[in-house]
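> Structure of the sequence below:
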Amino acid sequence: MNKWEIFWRQFYELGGYENFLTGLKNTAYIAVFGLLIGMVLGCLFATFKLLPGKGFFRRFLSIFTDVYVTLFRGTPMLVQLLLIHFVVFPVMGIDISPVLEAIIAFGLNSGAYVSEIMRGGILSVDVGQTEAGRALGLSYGATMVKIVLPQAIKNVIPTLGNEFITLLKETSVVSLIAVMDITKSFQTIGQRTLEVIVPYLMLAVVYLVIIMVVTGLVKLLERRLRASDRN
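Sure, this is the predicted structure:
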């Protein structure tokens, strides 16, 4: 029995595909919800950095945002995940599923990157848009939510797509906190068969296909947004 037959038997006949489907689901949950949390936090912190005025509250929010971004951009995703799983939640007495822990960790990490992405997107919107909103009697927050942020998000769609792709690839570390992901499903096959070449080759192919699909969807969204701008 050659290497491919061993892999296929373990994957299909002995139920390895069940772990793969579970891993695919968990990977999707962590990446998608992690990005959604990151977008919410990113928009919030980007707004904090661009608040007008020089008061104490404004300076406090700006410093808090700088500390947050520095902390999560300056430490590896793996370290953040391990700290949340083995230190932060146990100390706080919080007992939740490892998948939810991973979603929170990835969301917090993504928020630091998205905040800088969104800050650039907000600055790319003509300042006249903000002035027009304020002239209409909208508050700063309402102007940002209703006028500026929608345009900023449209401007940074390609960069947000890259952030999502990065999250997808980084989910390969969640197996360290006992989460079944795509990587773990193929590692399990290699451990059972003592043959890792084919499982790891297939793992690379699976990630490549997923990233290609996501890239295609992002490009399609970009084209549709450009078409809507022309109409």
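
> What is the burial count for Ile94?
The burial metric for Ile94, expressed as a neighbour count using other Cβ atoms under 10 Å, is 12. Any C-beta I mention is one placed from the backbone N, CA and C, and that applies to glycine too.

> Three-state assignment for it, please.
coil (DSSP: H, G, I helix; E, B strand; the rest coil).

> if I look at it, how far off is Ile104?
Ile94 sits 10 Å away from Ile104 when distances are taken as Cβ to Cβ, to the nearest Å.

> Quick check: closest non-adjacent residue to the residue nearest the centre of the chain.
Note on the chain: the residue nearest the mean C-alpha position is Leu35, at 3.4 Å, using Cα atoms, centre = their mean. Once its chain neighbours are removed from consideration, Leu35 has its nearest residue in Phe164; the separation is 5.1 Å (Cβ to Cβ, 6 or more residues apart in numbering).

> so who does the one you found touch?
Ala31, Leu35, Val214, Val218 (Cβ atoms under 8 Å, 6 or more residues apart in numbering).

> For stretch 43-61, give me every contacting residue.
Contacts of stretch 43-61 (Cβ under 8 Å, 6+ apart): 62, 64-66, 68-69, 111-112, 114-116, 118-119, 121-123, 140-141, 144, 149.

> Strands of this structure, residue ranges please.
For the chain, none of the segments meets the definition of strands by DSSP state E.

> rewinding a little: narrow the contacts of stretch 43-61 to those that are buried.
65, 68-69, 111-112, 114-116, 118-119, 121-122, 140, 144, 149 (16 or more other Cβ atoms under 10 Å).

> Among those, list the two that are farthest apart in space.
Pairwise distances among these were taken by Cβ to Cβ; the largest, 23.1 Å, belongs to Ala112 and Tyr140.

> Next one, pLDDT for the residue nearest to Leu35 please.
Among the per-residue scores, Phe164 holds a pLDDT of 94.

> Now stretch 7-15: buried residues?
Buried-residue list, stretch 7-15, by 16+ other Cβ under 10 Å: Phe7, Trp8, Gln10, Phe11.

> In helices only, show me those.
Among the buried residues of stretch 7-15, the members falling in helices are Phe7, Trp8 (criterion: DSSP state H).
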